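Novice: below are the sequence and a predicted model; questions follow.
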Amino acid sequence: MSKRNPPAPTPTDAILESISDGVFTVDLGWRITSFNRAAEEITGVPRSEALGRLCSEVFRSSLCGGACPLQDTLACGRPRIGICGYIITAQGDRVPISVSTAVFRDEEGRVMGGAETFRDLSEVDALKRELEGRYHVGELFSRSPRMHRLFEVLPAIAASPSTVLVTGETGTGKELFARTIHDLSAHGEGPFVAVNCAALPDTLLESELFGVKAGAYTGATRDRLGRFAQARGGTIFLDEIGEISPALQVRLLRVLQERTFEPLGASRTESTDARVIVATNRNLPELIRTGAFREDLYYRINVVRLELPPLRDRKDDLGLLAEQFISRFNRVQNRNVPGISPEALSLLMAHDWPGNIRELENCIERAFVLCGDGRIDIRHLPEELISAVPHGCEHASVHDLLDRQAIEAALERAGFNRLAAARALGIHKTTLFRRMKRLGMALPARDGRSGPRT
Amino acid sequence: MSRIAVHHWQQRIAPVFDTGGSILVLESGTGAREECLLLCLKPLHRAEELAALHVGTLICGAISRPMKEALSARGISVVGFVAGDLERVIAAWRCGRLDETFAMPGCARRRHGRRGSGPAGGAAGS
């Protein structure tokens, strides 16, 4: 008996075998009629075992069943493109994929079944995760290179026992930084105790920090543990350190030097192993100069220093931070706000944010009250932001505002030399003049080239 | 826990357990049947859901490793990567003949069943 040779592969077969996307076809009974090489590789199912079997039992994707895109395509004749899901391999691994589907017809145009192509997204997924990882450390998110530099040193700072001084304007997220250092440290499982030193008068702050023994003063009927004792095995965060009195500064200096303290009314000294992180929005060297802050305490706390940039210096982060807040408020308030409009985001970019991230958070929270389940738009933003737009609330005028700010800043940086400012903006000098004219900007009185006009 | 749960869809074993759906819960002694809907998607929650139904064994299609580990940690034994007609699978399980003819493509497995059952091939079987 002579052996029959298998039919020679058609050009279509050769193409299907060479591509990296998995492709299979099914008949109208959902049984697999062809299965290419990439489909074998991605699913781990040999072609010999796949052919003739039900596609859902070969493919095993999260889309199989009620969400099957191929079923949808065969029902309505429309292809589905780039539907995301995952398949489960025989080893129990979930492989992320994107799926596209089409109707499969014979030469006469009769529907023979469906074709499904799928792409392994494992590498894309891994890259995405890596990229996202660069944007955040713990709960801190940023796209700003300045913040990335801080992110890079955070693990090393967390690993050391040194006292950390966090500086930055109010609302820049100093406590969140302190908490992240704590979480990354070996004491991350221990307590994180935060104290706002400006919130209490000096005498109360002392008992709050060091604790009180029963009978220390009238009304002290029981021992009360201080914050340093509560923070044993963890971290104590002293915010607004620049506000404490000289007397308390002396006591704090002793704790930092000797790791010991005495509760109010105690006759015995207690010890603490708590990691100390302090923060201030004040200029401590200036306070030292005026005698309001002890120089020896400053050097004791200024072992490792982190300076957080204000929000106006990291406006690249506005979109990311706004998304974070929207996502959080959606979760907490059980809402479904889809995001923020480009026009509203442009307006956020035009604002200087003196209250920093806290001000932005309040702004988004306010917008949440007004926007229902729609996108946050310009009309949902606070009046002080909207009033910055010179002519109504159109998108174009927001851009004009940003343009105006960019030109003013470039001119200032270039010492009002218009050629240098145009170069810094990446435009020709005549374009700069034309744009300034369109924006109704007067030429500055000073000309950096020729000195002040008279 | 002596009840057996079978994850099914359109009168066959459902292709993927992780996504949820319906299970048929069988009393191993009386054979009494109860239809239940799986509501939880997270592995630990799903394990609690099955434990609350007093399920000791789960027969299902493809199951991810984290899901299988969560069920095993809750004492539920998993017979995964099974394919075929629901009633035929149940019958084969009862007489200890849930063999590799019921395995999903690409998931070679050893013998399963009430009598003489053994661990499945692949990470997600038990």
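Specialist: Right, received. Where do you want to start?
Novice: can you tell me how far residue A:301 is from residue A:179?
Specialist: Distance of residue A:301 to residue A:179, given as CB to CB, to the nearest Å: 18 Å. Backbone N, C-alpha and C define where each C-beta goes, glycine included.
Novice: same deal with residue A:31?
Specialist: 57 Å.
Novice: compare those two (neighbour count), which wins?
Specialist: Higher neighbour count among residue A:31 and residue A:179: residue A:179, with 20 against 15, using other CB atoms under 10 Å in any protein chain shown.
Novice: touching chain B at all, whatever helix or strand residue A:112 lives in?
Specialist: Residue A:112 belongs to strand A:111-120 when elements are defined using DSSP states H and E. No: for a cut-off given as CB under 8 Å from any CB of the partner chain, strand A:111-120 has no contacts with chain B; the smallest distance is 14.0 Å.
Novice: and residue 108, how many neighbours?
Specialist: No chain in the question, so chain A it is. Close neighbours of residue A:108, defined as other CB under 10 Å, add up to 6.
Novice: chain B, not that one
Specialist: Quick note: residue B:108 (other CB under 10 Å) scores 14 neighbours.
Novice: tell me if I'm right that it and residue B:100 touch.
Specialist: Yes: with contact defined as CB atoms under 8 Å, residue B:108 reaches residue B:100; the gap is 6.1 Å.
Novice: ok, which stretches of chain B are strands?
Specialist: Ranges of strands in chain B, per DSSP state E, are B:3-9, B:12-13, B:21-27, B:33-38, B:55-59, B:77-79.
Novice: okay, those strands in a markdown table with distance to residue A:174 next?
Specialist: A markdown table is the format used below for the strands of chain B (distance: least, CB to CB, whole Å):
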| stretch | distance to residue A:174 |
| --- | --- |
| strand B:3-9 | 51 |
| strand B:12-13 | 56 |
| strand B:21-27 | 49 |
| strand B:33-38 | 46 |
| strand B:55-59 | 50 |
| strand B:77-79 | 49 |
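Novice: mind giving me the domain split of chain A?
Specialist: With domains defined by automatic domain parsing, chain A comprises A:11-120, A:133-309, A:312-388, A:396-452.
Novice: for residue B:18, which of the ones you listed is the nearest?
Specialist: Nearest of those to residue B:18, taken as CB to CB: domain A:11-120 at 6.8 Å.
Novice: follow-up on the earlier one: so which of the domains of chain A is nearest residue B:76?
Specialist: domain A:11-120 (15.4 Å).
Novice: gap between that closest one and the chain center?
Specialist: Domain A:11-120 has its C-alpha centroid displaced from the chain centroid by 37 Å (CA atoms, centre = their mean, to the nearest Å).
Novice: ok, residue A:176 - contacts?
Specialist: If you count contacts by CB atoms under 8 Å, 6 or more residues apart in numbering or on different chains, residue A:176 has them with A:139, A:140.
Novice: doesn't it lie inside a helix?
Specialist: Yes: counting by DSSP: H, G, I helix; E, B strand; the rest coil, residue A:176 falls inside a helix.
Novice: from chain B, how far off is it?
Specialist: 27 Å (CB to the nearest CB, to the nearest Å).
Novice: and whatever residue of the stretch 301-450 of chain A ends up closest to chain B, how far from residue A:337?
Specialist: Nearest residue of the stretch 301-450 of chain A to chain B, counting by CB to the nearest CB: residue A:331, 16.2 Å away. Computed as CB to CB, the residue A:331 to residue A:337 distance reads 11 Å.
Novice: comparing those two, which residue is more hemmed in?
Specialist: Just comparing residue A:331 and residue A:337: by other CB under 10 Å the higher neighbour count belongs to residue A:337, 20 against 9.
Novice: burial of residue 29, as a residue count?
Specialist: You didn't pick a chain, so chain A it is. The burial count assigned to residue A:29 is 9, neighbours taken as other CB under 10 Å.
Novice: chain B, not that one
Specialist: Neighbour tally, residue B:29, other CB under 10 Å: 8.
Novice: try residue A:28
Specialist: 11.
Novice: and the residue of the stretch 51-200 of chain A nearest chain B?
Specialist: Residue of the stretch 51-200 of chain A nearest chain B, by CB to the nearest CB: residue A:92 (3.5 Å).
Novice: residue B:92 versus the residue of chain B most remote from its centre, what's the distance?
Specialist: For chain B, the residue at maximal distance from the C-alpha centroid (CA atoms, centre = their mean) is residue B:30, at 18.7 Å. For residue B:30, the distance to residue B:92 equals 19 Å [CB to CB].
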